[in-house]
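> Sequence plus predicted model, see below.
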Amino acid sequence: MQNISIRKASELPDSVKVAVEALLGRALQAGEEVSVRAFPPHDAPSGKERATLARGLKARMDKTAHRVKGLPDGELEDILDEAMKHVRPAYRRRP
């Protein structure tokens, strides 16, 4: 059973292209490739595994926060907005 499919945007049937563009919130360019992956469902971690993962996430967030400490007000939000718009062109900051 196949779990991944990669196709050139220019080779997609119109109905598939419309669906992908709706998901992305933007038009596909002819030179782009589209990949789709399917993952089997899994239960969320619990107990010790969940606590370990939470500690790792907190440590990563603390490290990131330390790296951006001292940025002028609003600059971090602008950087994050730019990154979000890069990966999700339809992104708009919520008030």
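Yes, it's here. Numbering: from 1, shown residues only.
> quick one: Glu49 is in a strand?
No: Glu49: not assigned to a strand; according to DSSP: H, G, I helix; E, B strand; the rest coil it is helix.
> Helices of the protein, start to end?
Listed in chain order, the helices of the chain (DSSP state H) span 14-24, 47-68, 75-87.
> Settle this for me: Arg93 is touching Ala83, isn't it.
No: if you go by CB atoms under 8 Å, Arg93 and Ala83 don't touch, sitting 11.9 Å apart. Bear in mind the C-beta positions are built from the backbone N, C-alpha and C, glycine included.
> And this protein, what are its domain boundaries?
4-37, 47-87 (automatic domain parsing).
> just those domains: most buried one?
Of those, the one with the most neighbours on average (mean count of other CB atoms under 10 Å) is domain 4-37, at a mean of 12.
> Backbone dihedrals for the nearest residue to Ala9 once chain neighbours are set aside, both of them.
Excluding the flanking residues, the one nearest Ala9 by CB to CB, 6 or more residues apart in numbering is Leu28, at 4.0 Å. Reported as degrees, to the nearest 10, the phi and psi values for Leu28 are phi -80, psi 140.
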